[in-house]
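Chemist: Based on what follows, work out the 3D shape:
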Amino acid sequence: MATRYRSAPTSRAAASNPGACITRFARALCLMACAAMLPGLAPAAEGTTAQRTFSSIAEAQAAAEAAKAESDRVKQQYESQAAECMSRFFANRCVEQARLERNERVMRADAARREAELYIRREQARERRELRERENAARDARNAQRAEEAAHRAPQPPANRGAGPDAPVPGNVDTAVPRPRAPRDVDDPEVRARNRAAFERKQAEAREYAEKQARQREEAQAKRARRRAEREREAANLEAPRQNAEPAAPAEK
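Modeler: Below you'll find the predicted structure:
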C-alpha cells in the first residue's frame with residue numbers, strides 16, 4: 001500500500017504534464033537509436049585500417065583527389081540533410097543520425113586521402129634519393145677517368161722562350177742567371193735630398209703645431225684663473241655690506 005501511495009503522485013503528475021512524457025519517450029528513442037548504430041560503427045572502423053597499395057604516383061594523386069572530393073560532397077550532403085530534419089517531428093534525432101553518418105564517411109575519406117598522400121611523399125623521396133645516387137656515381141666515374149688520364153699523360157717539357165739575355169739557362173732551375181735589379185729612385189742623390197727636405201719640413205710643422213697647442217692650453221688656464229679670481233672678488237664685495245649691516249648683539253646683564 002505504501003508503494004501504491006508513492007507512485008500515485010507520480011502518475012498524476014505525468015497525466016497532468018503530457019510534455020514530460022513526450023520528452024522521456026524521445027530520449028528513450030535516441031538511446032535506442034544510438035545503441036543500434038554502435039555495432040555498425042565497429043566494422044567501419046576496422047575497415048579503415050586496411051592498407052591500399054598504389055602502382056604509381058599518378059594513381060595515388062587521383063585517389064587523394066577523389067577522397068577529398070568525397071569528403072566535400074559528404075559535408076554538403078549533411079548540410080542539406082540537417083535542413084530537411086528541421087521539418088520532421090524528431091528533428092534532433094534526425095540531425096544526430098545525419099551527423100554520425102557524416103563523421104563516419106568523412107573519417108573514411110580523410111584516411112584514404114592521407115594514405116595516398118603518404119605514398120606520394122615516400123615515392124618522391126625515393127626518386128630524389130635514386131637521382132642523387134646516380135649523380136654521385138656519374139661524378140665519381142668522371143673523376144676516376146680524369147685521374148686515369150692524368151696518370152697516363154706524358155709530362156710536357158717546359159716551353160722554350162727563345163734565346164736572349166733574360167732567358168733562363170735550360171736544365172736545373174737553380175742555375176738560371178738572375179736578372180739585374182733596376183736602379184730605384186731613392187738611389188738618386190737629388191731624390192734623397194728632396195725626401196730629406198720634405199721630412200724636415202713636416203717635422204718643423206709638427207713642432208710648430210705642438211707649440212701652438214701648448215700656448216693655447218696655457219692661455220686657457222690663465223683665463224680660467226682670472227675668471228675664478230674675479231668671481232671670488234665679487235663674492236667678497238657682496239658679503240662685506242651684509243656683515244656690516246648686521247646689528248651688534250646686546251651685552252648680557
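
Chemist: now the end-to-end length of stretch 79-99.
Modeler: One end of stretch 79-99 sits 9 Å from the other (CA to CA, to the nearest Å).

Chemist: In it, which residues are buried?
Modeler: Across stretch 79-99, burial judged by 16 or more other CB atoms under 10 Å covers 81-82, 85, 93-98. Where C-beta positions appear, they are placed from N, C-alpha and C, glycine not excepted.

Chemist: pLDDT of that stretch, averaged?
Modeler: Across stretch 79-99, the average pLDDT comes to 87.

Chemist: a markdown table for the buried residues of stretch 79-99, including secondary structure and distance to Glu205?
Modeler: Below are the buried residues of stretch 79-99 laid out as a markdown table (DSSP: H, G, I helix; E, B strand; the rest coil; distance: CB to CB, whole Å):
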| residue | secondary structure | distance to Glu205 |
| --- | --- | --- |
| Gln81 | helix | 101 |
| Ala82 | helix | 98 |
| Cys85 | helix | 103 |
| Arg93 | helix | 107 |
| Cys94 | helix | 105 |
| Val95 | helix | 101 |
| Glu96 | helix | 102 |
| Gln97 | helix | 104 |
| Ala98 | helix | 101 |
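
Chemist: of those residues, closest to Ala220?
Modeler: The closest of the buried residues of stretch 79-99 to Ala220 turns out to be Ala82 (CB to CB; 93.8 Å).

Chemist: Would you agree that closest one is in contact with Glu101?
Modeler: No. Using CB atoms under 8 Å, Ala82 is not in contact with Glu101, being 11.2 Å away.

Chemist: what about Ala116, neighbour count?
Modeler: 23 (other CB atoms under 10 Å).

Chemist: what about Arg129, how many neighbours?
Modeler: 10.

Chemist: now swap in Glu200 and tell me
Modeler: 10.

Chemist: same thing with Tyr78?
Modeler: Other residues near Tyr78 come to 18 when the count uses other CB under 10 Å.

Chemist: Please apply the same query to Glu101.
Modeler: Neighbour count of Glu101, defined by other CB under 10 Å: 15.

Chemist: Any figure for the gap between it and Arg108?
Modeler: From Glu101 across to Arg108, the span is 11 Å (CB to CB, to the nearest Å).

Chemist: Give the residue spans of the stretch 101-250 of the chain that score low on pLDDT.
Modeler: 154-187, 245-250 (pLDDT under 70).

Chemist: quick one, helices of it?
Modeler: With helices called from DSSP state H, counting those that start in this stretch, the stretch 101-250 of the chain shows them at 189-245.

Chemist: Go through the buried residues of stretch 79-99 and say which is closest to Leu238.
Modeler: Ala82 (98.3 Å).

Chemist: how about the closest one, what does it touch?
Modeler: Counting by CB atoms under 8 Å, 6 or more residues apart in numbering, Ala82 touches 95, 98-99.

Chemist: go with 6 Å
Modeler: 95, 98 (CB atoms under 6 Å, 6 or more residues apart in numbering).

Chemist: circling back to that earlier point, so what sits against both of Ala82 and Glu101?
Modeler: If you check Ala82 and Glu101 against CB under 6 Å, 6+ apart, no residue is contacted by both.

Chemist: quick one on the thing from earlier: got the buried residues of stretch 79-99 as TSV, with distance to Glu149 columns?
Modeler: Shown next, in TSV, are the buried residues of stretch 79-99 (distance: CB to CB, whole Å):
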residue	distance to Glu149
Gln81	76
Ala82	77
Cys85	82
Arg93	85
Cys94	83
Val95	80
Glu96	80
Gln97	79
Ala98	76
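
Chemist: For Ala229, state which of the residues you listed is nearest.
Modeler: Ala82 (101.3 Å).

Chemist: how close does the closest one get to Glu70?
Modeler: Relative to Glu70, and taking CB to CB, Ala82 is found at 19 Å.
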